[in-house]
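In: Have a look; sequence and predicted model below, questions after that.
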Amino acid sequence: MSPLSTRHLLGIKDLHPEDINLIFQTAENFKEVINRPIKKVPSLRDVTIANLFFENSTRTRLSFELAERRLSADVINFAASSSSVSTGETLIDTVNNILAMKVDIVVMRHPMPGAAVFLARHVKANIVNAGDGAHEHPTQALLDAFSIRERLGDLKGVRVAIVGDILHSRVALSNILCLQKLGAEVMVCGPTTLIPRHIDQLGVRVEHNLRRALEWCDVANMLRIQLERQDIRYFPSLREYVMLFGLNKEILDSLGKKITILHPGPINRGVEITSDVADSDQSLILDQVENGVAVRMAVLYLLAGRVE
């Protein structure tokens, strides 16, 4: 098996299409493993992985930890809220202290964009970006694309609409880059205030009408409104947002075609999508969670082959 072209997973922009396909092929093998009665393999025995989360996380942290344990790695968990970071320790000092304990791979989530890139320049361990501010979230984009590929086959020519808070979403940028590298067409849809300026320069279509976006697409990825990142009001009220950009079963059934629904979680039920959409057979939300473990196993396994 040829190795990845990079020592780190900092963002989708650093991956070649061949890297993405290699991750998918490896993830298919691991998905078969985690559905066996005995779900553990000794692939990363004697590899130590530190999970550094400077921001709250449930699904991503649990998914990475489960992936690591399924691969038999030794796992160190670190939460900024209960660490020396709260007393003023710098990021590099924190990581160097952890690396002095002979850690091979660091999985990091941080509120500042570019934190993973900064770390990769200053420490010797392999770095996996588990989300840096509103910049990138590469493993989420990989598992989203993997889930679409599993349902629809080849992504070439598939039309994907990303709907919601594009401005504050790290998932949106990573998804755009990943889907385009695999040959998909991408549209972003949301209120004018939540669409970044000049995003069309990434080669995406821009739409402000939900129905038109849904009629165009094969797959709709419904993003959460990130109120915690919004320092001003970007729309009058949640009620108005739901009226214009909330997806319900009535809209879904009136399209005249079946589209596939994704959501990176956590879901605000009744805001971006209603419960009957989230729980319908057109939804891949639980598949995304299952595939997340397999994709992260694949990423860690392939990066461990590049440990120096």
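Out: Yep, it's here.

In: Please make it C-alpha for all contacts and neighbour counts, starting now.
Out: Will do.

In: Quick check: phi and psi at residue 289.
Out: phi -60, psi -50 (degrees, to the nearest 10).

In: Quick check, pLDDT for it.
Out: Reported pLDDT at residue 289 in the predicted model: 95.

In: and what of residue 229?
Out: pLDDT recorded at residue 229 is 51.

In: Okay, now the unreliable bits of the stretch 151-300 of the chain?
Out: 226-236 (pLDDT under 70).

In: in it, which spans are strands?
Out: With DSSP state E, counting those that start in this stretch as the criterion, the stretch 151-300 of the chain has strands at 159-163, 185-189, 205-207, 219-222, 260-262.

In: ranking these by burial, who's on top?
Out: Highest mean neighbour count of the strands of the stretch 151-300 of the chain: strand 159-163, a mean of 26 (counted as mean count of other C-alpha atoms under 10 Å).

In: what is the orientation angle of it with strand 185-189?
Out: 20 degrees (axes from the mean of the first three to the mean of the last three C-alpha atoms, to 10 degrees).

In: other SSEs contacting strand 159-163?
Out: Under the contact criterion of 3 or more C-alpha pairs under 8 Å, 6 or more residues apart in numbering; DSSP states H and E, strand 159-163 touches strand 185-189, helix 210-216, strand 219-222.

In: What strands line up against that strand, and which way round?
Out: Sheet pairing of strand 159-163 (DSSP bridges) gives strand 185-189 (parallel), strand 219-222 (parallel).

In: Need the ones you listed in TSV (columns: distance to residue 199).
Out: Conversion of these to TSV gives the following (distance: least, C-alpha to C-alpha, whole Å):
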stretch	distance to residue 199
strand 185-189	9
strand 219-222	17
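
In: who's in contact with residue 211?
Out: residue 251 (C-alpha atoms under 8 Å, 6 or more residues apart in numbering).

In: my bad, residue 49
Out: Counting by C-alpha under 8 Å, 6+ apart, residue 49 makes contact with 68, 73-76, 103-107.

In: so what's residue 166 up against?
Out: 172, 188-190, 194-196, 223.

In: 7 Å - rerun?
Out: If you count contacts by C-alpha atoms under 7 Å, 6 or more residues apart in numbering, residue 166 has them with 172, 194-196.

In: what's the answer for residue 271, then?
Out: By C-alpha under 7 Å, 6+ apart, the neighbours of residue 271 are 242, 246.

In: Tell me how far it lies from residue 225.
Out: Using C-alpha to C-alpha, to the nearest Å, residue 271 is found at 8 Å from residue 225.

In: which phi and psi does residue 49 have?
Out: Dihedral angles for residue 49 - degrees, to the nearest 10 - are phi -120, psi 130.

In: and it, bridged to which residues?
Out: residue 75, residue 105.

In: picking up where we left off before, got the contacts of residue 166 as a markdown table, with distance to residue 129 columns?
Out: Formatted as a markdown table, the contacts of residue 166 follow (distance: C-alpha to C-alpha, whole Å):
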| residue | distance to residue 129 |
| --- | --- |
| 172 | 15 |
| 194 | 24 |
| 195 | 24 |
| 196 | 22 |
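
In: Between the residues you listed, which sits nearest residue 29?
Out: Nearest to residue 29, judged by C-alpha to C-alpha, of those is residue 172 at 27.1 Å.

In: Run a quick neighbour tally on the closest one.
Out: Using other C-alpha atoms under 10 Å, the number of residues around residue 172 comes to 27.

In: Could you find the closest non-adjacent residue to it?
Out: Leaving aside its chain neighbours, residue 172 sits nearest to residue 166 (5.9 Å; criterion: C-alpha to C-alpha, 6 or more residues apart in numbering).

In: the helices in the protein, which residues?
Out: Applying DSSP state H to the chain gives helices spanning 17-34, 59-70, 91-99, 115-122, 138-152, 170-181, 210-216, 238-245, 249-253, 275-278, 285-304.
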